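Novice: Attaching a predicted model along with its sequence, questions to come.
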Amino acid sequence: MNNSQALSADSHYCDKLQNTLNLTASQSPFFDGKQCHDLPKYSLKISGFLAIFAILNTF
């Protein structure tokens with residue numbers, strides 16, 4: 001997976017960049033030709049749960 005694919009896999013990175021640069025929705029950055037609102041949204045709760053689950057399963 002290259003950086004472009006990793007960044008476009010979760011809108012969190014795009015949203016964070018947009019907020020850091022104080023961009024409006026119409027000025028949203030593009031990741032792989034898609035704006036923030038077009039990228040998949042992943043819940044941090046689910047991601048965190050999966051990470052903890054994976055760690056617990058290694059013991």
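Specialist: Perfect, thanks for sending it.
Novice: Around the closest residue in space to C14 that isn't next to it in sequence, how many other residues sit close by?
Specialist: Spatial nearest neighbour of C14, excluding adjacent residues (Cβ to Cβ, 6 or more residues apart in numbering): C36 at 3.9 Å. Where you see a C-beta, it was placed from the backbone N, CA and C, and this is true even at glycine. Residues near C36, counting by other Cβ atoms under 10 Å, number 21.
Novice: Using the three-state scheme, assign Y42.
Specialist: coil (DSSP: H, G, I helix; E, B strand; the rest coil).
Novice: just checking, it touches D10?
Specialist: Yes. Contact criterion Cβ atoms under 8 Å: Y42 and D10 qualify, at 4.9 Å.
Novice: who's more crowded, the two?
Specialist: Of the pair Y42 and D10, D10 is the one with more neighbours under other Cβ under 10 Å, namely 16 against 13.
Novice: State the pLDDT value of that one.
Specialist: The model reports D10 with a pLDDT of 83.
Novice: residue contacts, it?
Specialist: Going by Cβ atoms under 8 Å, 6 or more residues apart in numbering, D10 touches L39, P40, K41, Y42.
Novice: out of those residues, which one sits closest to L23?
Specialist: L39 (14.8 Å; Cβ to Cβ).
Novice: Burial check on the residue nearest to the closest one when sequence neighbours are not counted, number of neighbours?
Specialist: Spatial nearest neighbour of L39, chain neighbours left out: S11 (3.8 Å); criterion: Cβ to Cβ, 6+ apart. S11 has 20 neighbours, counted by other Cβ under 10 Å.
Novice: Same question for N19.
Specialist: 10.
Novice: before we move on, what about N22?
Specialist: Neighbour count for N22, taken as other Cβ under 10 Å: 7.
Novice: ok, now C14?
Specialist: 22.
Novice: Quick one: residues contacting F30.
Specialist: So F30 contacts nothing (Cβ under 8 Å, 6+ apart).
Novice: Give me the pLDDT value at it.
Specialist: The model's pLDDT for F30 equals 85.
Novice: tell me which residues form a beta bridge with it?
Specialist: Assessed by DSSP bridges, F30 has beta-bridge partners Q35.
Novice: Against Y42, how distant is T24?
Specialist: Using Cβ to Cβ, to the nearest Å, we find T24 at a distance of 24 Å from Y42.
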